[in-house]
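Asker: sequence and predicted structure, then a few things I'm wondering about:
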Amino acid sequence: MQQPTAVECRHVSKYFYVHDEGAAGEDDSAGSHAVAGSNGRWRGVAGRLATIIGRLRRPPRKVAAVQDLSLSVRRGEIFGIIGPNGSGKSTLVRLLSTLLLPDEGSIHVFGRDVVAEQREVRRLINRVSVEAAFFKKLSALENLSYAARLYDLPPKEARERAIDILRRMGLPRAKLDAPLEDLSRGMQQKVAIARALFTAPVLLLLDEPTTGLDPRSKREVQDFVQELHDQHDATVLLTTHDMQEAERLCGRIAFLKDGRLVAMGTPEELKRSRPGREMSLEELFFELTGSEWRPHEEAEVEES
Ligand SMILES: Nc1ncnc2c1ncn2[C@@H]1O[C@H](COP(=O)(O)OP(=O)(O)OP(=O)(O)O)[C@@H](O)[C@H]1O
């Protein structure tokens, strides 16, 4: 029987409804500059009230975070998602991890539907987010042991496996019991990713795993992801702003812009995707997403 693909997205769209803050015609200044005395204060309150009522009256804008996106990730791939700020990368990761539900289209993770089979999907994935993942006052060992027990490992075995994993990651013995907040960000990120080892995760979702790390920590985390992938038969989907990282780690890369897929292929295919010339991934990025970095424009949807 044919193995299901790791991730299968078909015509997926996700919309958000946003109320604009302080749009033209509204003036909050009455509140912030209330002159002393009760008259001024009342004018301030009335001004703020008018602003709130104005906001509620205006219909929210519909923003497409992900639009008609179709892609599949094969089992055992390291698959990269690249795109400017606001292009929909995190939304896609949250859709895959069932934190958000698609408004249109379908998503399957190893053949399981993210809407109808959320529990099963959650067992198959591990989303790593260093900020949210930890109790920073507890040590790395305590954090990992705790995580292991969530997966029903007996306490003794949980501790032994946690020590084993942390030592393999190169964490010195003396640091095992140090509060996590005393470790470098790179080390914290590695601990976050290492946590995934307890579940033999079939799909690892890494949202910008190396953002904010110094070059050495970045390289260590990248090596660790590679090792995890090589030794644990994990499929990895990662988002990144770093073209070198994508080229180094990823078998295939998808470029997103305004929630849409604008290019996909191996790094080599992408670099040769323009007839007659070879370009770097960075050059291709600029070509696909506009020649300059700019504050992101939301992909607004016309209501029919
Ligand atoms: N909870 C939300 N409510 C309203 N709009 C949202 C929400 N989450 C995301 N968006 C909007 O959806 C679009 C895609 O956002 P998303 O965070 O997925 O982009 P991203 O590519 O991950 O950006 P970054 O690189 O900055 O992390 C943006 O226009 C964003 O403002």
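Answerer: Happy to help now that I have it. Numbering: from 1, shown residues only.
Asker: which stretches of this protein form strands?
Answerer: Taking DSSP state E as the criterion, the chain contains strands spanning 7-18, 61-73, 78-82, 104-109, 112-113, 125-128, 203-207, 235-240, 252-257, 260-265.
Asker: give me the distance from the longest one to the chain's centre.
Answerer: What separates the centre of strand 61-73 from the centre of its chain is 14 Å, taken as C-alpha atoms, centre = their mean, to the nearest Å.
Asker: hmm, who's touching that strand?
Answerer: Contacts to strand 61-73, defined as C-beta atoms under 8 Å, 6 or more residues apart in numbering, come from residues 5-20, 79, 88, 91-92, 95, 102, 104-105, 235, 237, 252, 254, 256, 258-261, 264, 298-301, 303. No exception for glycine: its C-beta is placed from N, CA and C like everyone else's.
Asker: in the sheet, who's paired with Leu71?
Answerer: Using DSSP bridges, the bridge partners assigned to Leu71 are Cys9.
Asker: thinking again about what came up before, could you export the strands of the chain as TSV, including mean neighbour count and distance to the ligand?
Answerer: As requested, those are arranged in TSV below (neighbours: other C-beta atoms under 10 Å; distance: least, C-beta to the nearest ligand atom, whole Å):
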stretch	mean neighbour count	distance to the ligand
strand 7-18	17	3
strand 61-73	19	3
strand 78-82	25	8
strand 104-109	19	15
strand 112-113	16	22
strand 125-128	22	13
strand 203-207	24	8
strand 235-240	25	7
strand 252-257	24	7
strand 260-265	17	11
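Asker: which stretch in those strands has the least confidence?
Answerer: Mean pLDDT across the strands of the chain is lowest at strand 125-128; the value there is a mean of 82.
Asker: elements contacting it?
Answerer: strand 203-207 (3 or more C-beta pairs under 8 Å, 6 or more residues apart in numbering; DSSP states H and E).
Asker: relative to strand 235-240, how tilted is the strand it packs on?
Answerer: Going by axes from the mean of the first three to the mean of the last three C-alpha atoms, to 10 degrees, strand 203-207 is angled at 10 degrees with respect to strand 235-240.
Asker: each with direction, which strands does strand 203-207 pair with?
Answerer: Going by DSSP bridges, the partners of strand 203-207 are strand 125-128 (parallel), strand 235-240 (parallel).
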